[in-house]
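A.B. asks: coords below, sequence missing:
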Ligand SMILES: NC(=O)c1ccc[n+]([C@@H]2O[C@H](COP(=O)([O-])OP(=O)(O)OC[C@H]3O[C@@H](n4cnc5c(N)ncnc54)[C@H](O)[C@@H]3O)[C@@H](O)[C@H]2O)c1
C-alpha cells in the first residue's frame, strides 16, 4: 500500500486532500497542531474505513517534521507522497506589519516546507519508485494582494522552494510540485474575511464575495477540488511534471 503524509490534515483543505488520497488507496498519516481536530478527523476517517493515523506536531519546528517522517516510516514502512499543506495567513495593512507576524507566517508557511521536504526526501532517497513532494502554494504565490503582503511573500517563497527542491532532488527520482488554490471557504478564509471587514468597514462575508465575484467557474472552491489536483500530483499520471506550481482557482489568476 502506498503511503501519504498530509500536514494540516485535520481540517480545511488538508482534510479534503487526506480524504481523497485515502479514497485513492493510500495509507494516510495526518499531522496537525490541533489535537481535538486530529481526534475528530481520525475517528471520522476510521468510521469510513480509511487506513489513517495521526501525529500531533508543529510544522514550523524542524524536529517535529523529522519525527513525523519517522512515525510514517515506523507505522507504514515508507513514504510515497508528502504534502506540505499546513499554512497560516496574516491580514494587515502594509504599514502595520510587525516582526512577530512576519516571523510567524514565514515559520509556518515557508520554513515548514524546507523542513518537511528535507524530512521526506531523506526517506524517499533510499526507496525504490518515484517520490512525490507536494506543497501548498496559492494564487498568492503568483499575484500579490493588498492587506496580504506577508502571506503573498511567503507563498512566492514556496513557489521558489518548489523549483529549487525539484532541481536538487530530481536525481533521486523525487518530484516536487505545488498546488495553488484560489478562494475556499475554510476557517482560513473566515479569518481573512473578518480581518478585511474590520479594516474596510465591510459586512461579514463581503470580502469573500468581492474576491470570488469574478471566478470564471462561478463558485468558490471546495476541499475536494484541491483533493483532485493533489490526487493527480500524487499519481503516476504526473510523473513527467516537476518544479511546477499549478493554479487551481476556477479561473482567477492566469499564468
Ligand atoms: N483557503 C483558501 O482559500 C486557500 C487558498 C490558497 C492557499 N491556501 C493554502 O492551503 C493550505 C490550507 O489552507 P486552509 O484554508 O485549509 O487553512 P485552515 O486554517 O482552514 O486549516 C489549516 C490547518 O493547518 C493546521 N495548522 C496550522 N498551523 C499549523 C502548524 N504550525 N503545524 C501544524 N498544523 C498547523 C490547523 O490546525 C488547521 O487544521 C494553507 O497552506 C493555505 O495557505 C488556502
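C.D. replies: Done, it's in. If you're wondering where the values come from, they're calculated on a predicted model, not measured in any experiment.

A.B. asks: just checking, residue 127 touches residue 82?
C.D. replies: No: in this structure, residue 127 is not within contact of residue 82 by Cβ atoms under 8 Å, at 12.0 Å. (Each C-beta comes from the backbone N, C-alpha and C, glycine too.)

A.B. asks: so who does residue 253 touch?
C.D. replies: 139, 142-143, 180, 182, 247 (Cβ atoms under 8 Å, 6 or more residues apart in numbering).

A.B. asks: one more pass at 6 Å, please.
C.D. replies: 139, 142-143, 247 (Cβ atoms under 6 Å, 6 or more residues apart in numbering).

A.B. asks: next, give me the two most distant ones among these.
C.D. replies: Greatest spacing in the contacts of residue 253, by Cβ to Cβ: 143 and 247 (9.7 Å).

A.B. asks: tell me which of the two has more neighbours.
C.D. replies: Per other Cβ atoms under 10 Å, whichever of residue 143 and residue 247 has more neighbours is residue 247, with 23 against 18.

A.B. asks: please name the nearest non-neighbouring residue to that one.
C.D. replies: In space, residue 247 comes closest to residue 180 once its chain neighbours are excluded; the distance is 4.5 Å by Cβ to Cβ, 6 or more residues apart in numbering.

A.B. asks: how about residue 166?
C.D. replies: In space, and not counting its chain neighbours, residue 166 is closest to residue 243: 3.3 Å by Cβ to Cβ, 6+ apart.

A.B. asks: that neighbour: neighbour count?
C.D. replies: By other Cβ under 10 Å, the residues close to residue 243 number 16.

A.B. asks: SS state for it?
C.D. replies: What DSSP: H, G, I helix; E, B strand; the rest coil gives for residue 243 is coil.

A.B. asks: what about it, distance to the ligand?
C.D. replies: Distance, residue 243 to the ligand, using Cβ to the nearest ligand atom, to the nearest Å: 19 Å.

A.B. asks: near the ligand, which residues of the stretch 51-200 of the chain are found?
C.D. replies: 58-60, 85-88, 108, 136, 138, 181, 183-184, 186-189 (Cβ under 6 Å from any ligand atom).

A.B. asks: try 5 Å
C.D. replies: For the stretch 51-200 of the chain, the contact set with the ligand under Cβ under 5 Å from any ligand atom comprises 58-59, 86-87, 108, 136, 138, 181, 183-184, 186-189.

A.B. asks: helix, strand or coil for the closest residue to residue 205 other than its chain neighbours?
C.D. replies: Distance criterion Cβ to Cβ, 6+ apart; nearest residue to residue 205, sequence neighbours excluded, is residue 193 at 6.4 Å. Reduced to three states with three-state DSSP, the structure at residue 193 is helix.

A.B. asks: one more: residue 170?
C.D. replies: Using three-state DSSP, the structure places residue 170 in helix.

A.B. asks: got it, and residue 158?
C.D. replies: Looking at residue 158 with three-state DSSP, the answer is helix.

A.B. asks: contacting residues for it?
C.D. replies: 113, 135, 137, 141.

A.B. asks: residue 196 now?
C.D. replies: So residue 196 contacts residue 207 (Cβ under 6 Å, 6+ apart).

A.B. asks: and it, what pLDDT?
C.D. replies: We note a pLDDT of 97 for residue 196 in this prediction.

A.B. asks: again with the one 5 residues further on
C.D. replies: Per-residue confidence at residue 201 stands at 97 (pLDDT).

A.B. asks: and it, how far from residue 147?
C.D. replies: Counting by Cβ to Cβ, to the nearest Å, the gap between residue 201 and residue 147 amounts to 13 Å.
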